[in-house]
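In: No sequence on hand, only this structure:
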């Protein structure tokens, strides 16, 4: 798959092992600021990798995604879950936990998820169950509200 040039640069530096990789990652992210092309949001989830060494730098990508129009961000996150589970499962959990913590995002996320194909619903249900198991007091009720809409 041909990646959008800015995304390719993020992807190449996603492990953030050196200061140079961190600098190039941050510069590439800055270069994407204000870019709302569908190609950007569709491909950006491929950058998340659980082997990233500098998580605080990767959080720049989280904040970047959250700055997108809500429906676009949530839809693309859901559509990316099957691939994201392969290399960025922990990042998928972080993104979903952040959504669960916001009433407006959580409701929209549940509504969008309800219309997704079964394969995506299964990925989401798997992650929600894991989130509930890990932090039941914080997330059980919120995760169950989404699970009730997708089952």
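Out: Perfect, I can see it now. Small disclaimer: the values here were computed from a predicted structure and weren't measured.

In: which residues are in contact with the helix-or-strand element of the chain with minimal mean pLDDT?
Out: Lowest mean confidence among the helices and strands of the chain (mean pLDDT, DSSP states H and E): helix 38-44, at a mean of 81. The contact list for helix 38-44, computed with Cβ atoms under 8 Å, 6 or more residues apart in numbering, reads 1, 3-4, 6-7, 10, 32, 61, 64-65, 68, 72-73, 76, 79-80. Any C-beta I mention is one placed from the backbone N, CA and C, and that applies to glycine too.

In: Separate out the buried members of those residues.
Out: Buried members of the contacts of helix 38-44, counted by 16 or more other Cβ atoms under 10 Å: 3-4, 6-7, 10, 32, 61, 64-65, 68, 73, 76, 79-80.

In: for this structure, which spans come out with low pLDDT?
Out: Within the chain, the segments meeting pLDDT under 70 span 1, 36, 39.

In: what about the helices in it?
Out: Using DSSP state H, the helices of the chain run over 5-12, 19-32, 38-44, 55-66, 70-87, 89-100, 103-114, 118-134, 136-150.

In: List the buried residues of the third one.
Out: Buried residues in helix 38-44, counting neighbours by 16+ other Cβ under 10 Å, are found at 40-44.

In: Which one of the buried ones among the contacts of helix 38-44 is nearest to residue 99?
Out: residue 73 (9.3 Å; Cβ to Cβ).

In: Pretty sure that closest one sits against residue 66.
Out: Yes. Using Cβ atoms under 8 Å, residue 73 is in contact with residue 66, at 6.7 Å.

In: ok, the closest residue to residue 87 other than its chain neighbours - contacts?
Out: In this structure, residue 87 finds its nearest non-sequential neighbour in residue 49, 5.2 Å apart by Cβ to Cβ, 6 or more residues apart in numbering. Residue 49 sits next to 14-15, 87-88, 91 when contact means Cβ under 8 Å, 6+ apart.

In: Can you name the two of these that sit furthest apart?
Out: 15 and 91, at 12.9 Å, using Cβ to Cβ across these.

In: higher neighbour count, the two?
Out: residue 91 (21 against 15; other Cβ atoms under 10 Å).

In: so how far is residue 141 from the more buried one?
Out: Residue 91 sits 24 Å away from residue 141, taking Cβ to Cβ, to the nearest Å as the criterion.

In: Equivalent analysis for residue 37, please.
Out: 37 Å.
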